[in-house]
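Chemist: Here is the input, now give the coordinates:
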Amino acid sequence: MNEVYFDESVILPDIHSATKEEVLTEMSQNLVDKNLVKESFIKAIIEREKEFATGLPTAGFSVAIPHTDIEHVNRKTISVGILKEPVDFGVMGDESETTPVRIVFLLAMNESHSQLSLLQKLMQLFQNEETLRYLVEEKSQKNIKEFIEEKLDFTKL
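Modeler: Down below sits the predicted model:
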């Protein structure tokens, strides 16, 4: 069983956290509660974000794609968080810069090659401002799930 776990329960369309640590903790705890990741995932994701920033300034709405090592993952999962208000994340490749993130794709991959494949697909998704606007404005978890599944072919990860 190696397919990506992705359902409405891992889509959080209304996050009110004020810091990136709070965002990452809230999203990670949701995955821990579902036994998709180990308890160690929470600390690992926050520590990795400090070392390797994942914020991407994109057209319209900035996104972040935090991820960590495969040993903290029980099942391959992607969680999507839509932030009520922007939260500053360090910019990927330039931690001295920050970008106001509204959409977080939290990746819990159990194989490194899946992570790379998924990152490439996500980068294509982030280049479309209309796609990002839809994600920020849509409130239905079901609609967000179907929209993302249509854009990212999970069967090829």
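Chemist: Walking through this protein, point out its strands one by one.
Modeler: 11-15, 55-56, 62-64, 77-91, 94-108 (DSSP state E).
Chemist: for these, which one ends up most surrounded?
Modeler: Compared across these, strand 62-64 shows the largest average neighbour count, a mean of 25 (mean count of other C-beta atoms under 10 Å). For glycine as for every other residue, the C-beta is placed from the backbone atoms N, C-alpha and C.
Chemist: residues in contact with that one?
Modeler: The contact list for strand 62-64 (C-beta atoms under 8 Å, 6 or more residues apart in numbering) reads 20, 54-56, 86, 89, 99-105, 126, 132.
Chemist: quick check, nearest of the residues you listed to residue 120?
Modeler: residue 126 (11.1 Å; C-beta to C-beta).
Chemist: So the closest one sits against residue 58, correct?
Modeler: Yes. In this structure residue 126 lies within contact range of residue 58 using C-beta atoms under 8 Å: 4.8 Å.
Chemist: all helices for this structure, in order.
Modeler: 20-33, 40-51, 112-126, 129-137, 141-151 (DSSP state H).
Chemist: could these go into a markdown table alongside mean neighbour count, distance to residue 81 and mean pLDDT?
Modeler: Shown next, in a markdown table, are the helices of the chain (neighbours: other C-beta atoms under 10 Å; distance: least, C-beta to C-beta, whole Å; pLDDT from 0 to 100):
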| stretch | mean neighbour count | distance to residue 81 | mean pLDDT |
| --- | --- | --- | --- |
| helix 20-33 | 20 | 5 | 98 |
| helix 40-51 | 17 | 12 | 97 |
| helix 112-126 | 15 | 14 | 81 |
| helix 129-137 | 15 | 10 | 94 |
| helix 141-151 | 15 | 11 | 94 |
